[in-house]
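1. Please work out how this folds:
(one chain, ligands or ions: 2)
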Amino acid sequence: MSQRYNDIEELPGVSAKLAEKLRELGYSTVESIATATVSELVAAGVDEEHASRIISAAREGIEIAWVTAKELAEIKTNIGRITTGSTRLDLLIGGGVETQAITEFFGEFGSGKSQICHQLAVNVQLPVRRGGLDGSALYIDTENTFRPERVTSMANSLGLNADEVLERIIYAEAYTSDHQILLVEKADKIIKEKNVKLIIVDSLTSHFRSEYLGRQLLPERQQKLNKHMHKLIRLCRAFNIAAVVTNQVMSRPDDIFSTMAVYPIGGHIVGHTSHNRVFLRKVAGKPLRIARLVSSPYLPEGEAVFKITERGVEDVEATE
Ligand code: ATP
Ligand code: MG
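-> Numbering: from 1, shown residues only. Ligands and ions are numbered 1, 2, ... in the order given. Next comes the predicted model:
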């Protein structure tokens with residue numbers, strides 16, 4: 001993406017003082033301003049006219065504009081893919097987890113969501129010819145289930161230097177839903193600095209679920225989640241990176257998250273344009289997992305079987 005301004009203070013109308021304030025609020029790059037809304041900046045204390053001027057300048061600066069379908073096709077050809085470790089699972093999702101989109105893995109406890117996150121944080125570091133993007137991973141952990149030892153064994157089984165792999169996973173624990181939102185809002189600087197190609201949010205929904213209890217808080221929860229997803233997708237597009245999020249579902253009929261419609265309020269834009277959803281389930285007494293693609297903007301629905309072993313996510317042998 002060509003860019004006229006390197007720093008936010010180069011934008012017309014952004015003084016050093018305002019730049020400092022914007023940075024504090026998470027708007028540390030021209031991209032983040034270009035993808036902000038006027039109301040977000042107004043909420044940050046900038047007056048409306050000023051906010052709209054700054055955003056326009058940033059947008060011109062990074063040349064967000066109409067494109068022809070041919071140009072769009074070229075942007076799409078830049079889509080990168082990260083292998084999951086299983087060729088069948090990769091095939092199901094169109095050749096691996098894609099950049100410029102959010103891929104959601106959902107399923108009940110122990111279905112393998114966090115294992116896939118660990119594996120992808122390792123695999124994104126592989127060279128392109130081995131199914132990676134030669135980049136690092138940003139790992140937002142909401143349930144304190146990230147385990148460096150697990151990364152080490154996955155890295156070793158791929159013949160990678162485990163210390164180097166751990167070095168390229170940038171980790172933060174999110175303590176609340178607001179903290180989680182803030183981490184994503186402030187991610188753009190580190191994405192640039194560390195050549196991040198994958199953002200993981202494991203789990204996307206756990207804090208929201210526990211903090212916004214009851215029907216009357218549902219609209220607020222959905223709105224916040226939606227905004228969070230939009231921010232993620234904007235990062236994916238601005239930097240050509242992948243986002244992987246997880247979502248636990250319970251088989252309780254009154255649990256809104258157990259239905260397929262997780263983001264009913266205003267969420268259909270995300271849901272239909274850049275959101276792949278993969279439902280995972282366990283097979284009792286076996287390391288096998290069944291993945292089902294339930295919603296993808298352009299791929300057919302289908303299923304794939306894979307397994308989780310000490311080595312990580314793998315294909316199932318014909319004899320298993
Ligand atoms: P939750 O909703 O509770 O977060 P989850 O979907 O994230 O669940 P995971 O933590 O990814 O579930 O999966 C845990 C399962 O992964 C274990 O039950 C086990 O089957 C498998 N697993 C984890 N570590 C290993 C390992 N070292 N070797 C083999 N299998 C493992
Ligand atoms: Mg988990």
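2. what about the closest residue to Asn6 other than its chain neighbours, distance to ligand 1?
-> Distances taken as Cβ to Cβ, 6 or more residues apart in numbering put Val30 closest to Asn6, at 7.4 Å, once the chain neighbours are dropped. (Glycine included, C-beta is placed from N, CA and C.) Spatial separation of Val30 from ligand 1 under the definition Cβ to the nearest ligand atom, to the nearest Å is 36 Å.
3. Run through the residues that contact Val30.
-> Residues near Val30 by Cβ atoms under 8 Å, 6 or more residues apart in numbering: Gln3, Tyr5, Asn6, Asp7, Ile8, Glu10, Leu11, Ala58, Gly61, Ile62.
4. residues touching the residue nearest to Thr87 when sequence neighbours are not counted, list them.
-> Once flanking residues are discounted, Thr87 sits nearest to Asp315: 5.6 Å by Cβ to Cβ, 6+ apart. Residues counted as contacts of Asp315 (Cβ under 8 Å, 6+ apart) are Ser86, Thr87, Arg88, Phe306, Lys307.
5. From those residues, which land in strands?
-> Secondary structure from DSSP state E places Phe306, Lys307 of those in strands.
6. Could you provide the contacts of Asp315 in CSV, with additional columns for distance to Val124, neighbour count and pLDDT?
-> Written out in CSV, the entries for the contacts of Asp315 read as follows (distance: Cβ to Cβ, whole Å; neighbours: other Cβ atoms under 10 Å; pLDDT from 0 to 100):
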residue, distance to Val124, neighbour count, pLDDT
Ser86, 15, 24, 98
Thr87, 17, 16, 97
Arg88, 19, 14, 97
Phe306, 18, 24, 98
Lys307, 21, 20, 97
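7. Mind listing what's buried along stretch 185-192?
-> Buried residues in stretch 185-192, defined by neighbour count with 16 or more other Cβ atoms under 10 Å: Glu185, Lys186, Ala187, Asp188, Ile190, Ile191.
8. Oops, could you answer that again for stretch 236-243 instead?
-> Residues of stretch 236-243 classed as buried: Cys236, Arg237, Ala238, Phe239, Asn240, Ile241, Ala242, Ala243 (neighbour count, 16+ other Cβ under 10 Å).
9. and what of stretch 154-161?
-> The neighbour-count check on stretch 154-161 (16+ other Cβ under 10 Å) flags Met154, Ala155, Leu158, Leu160 as buried.
10. Then stretch 313-320?
-> By 16+ other Cβ under 10 Å, the buried positions in stretch 313-320 come out as Val313, Glu314, Asp315, Val316.
11. And stretch 69-82, by the same measure?
-> For stretch 69-82, the neighbour count (16+ other Cβ under 10 Å) marks Gly80, Arg81, Ile82 as buried.
12. How much space separates the last one from ligand 2?
-> In this case it means Ile82. With distances defined as Cβ to the ion, to the nearest Å, the gap from Ile82 to ligand 2 amounts to 19 Å.
13. what sits opposite that residue in the beta ladder?
-> Ile82 has these beta-bridge partners by DSSP bridges: Val97.
14. mind listing what it touches?
-> Counting by Cβ under 8 Å, 6+ apart, Ile82 makes contact with Gly96, Val97, Leu120, Asn123, Val124, Gly131, Gly132, Leu133, Lys197, Leu198, Ala242.
15. Out of these, which sit inside strands?
-> The strands in this structure, assigned by DSSP E, contain Val97, Lys197, Leu198, Ala242 from the contacts of Ile82.
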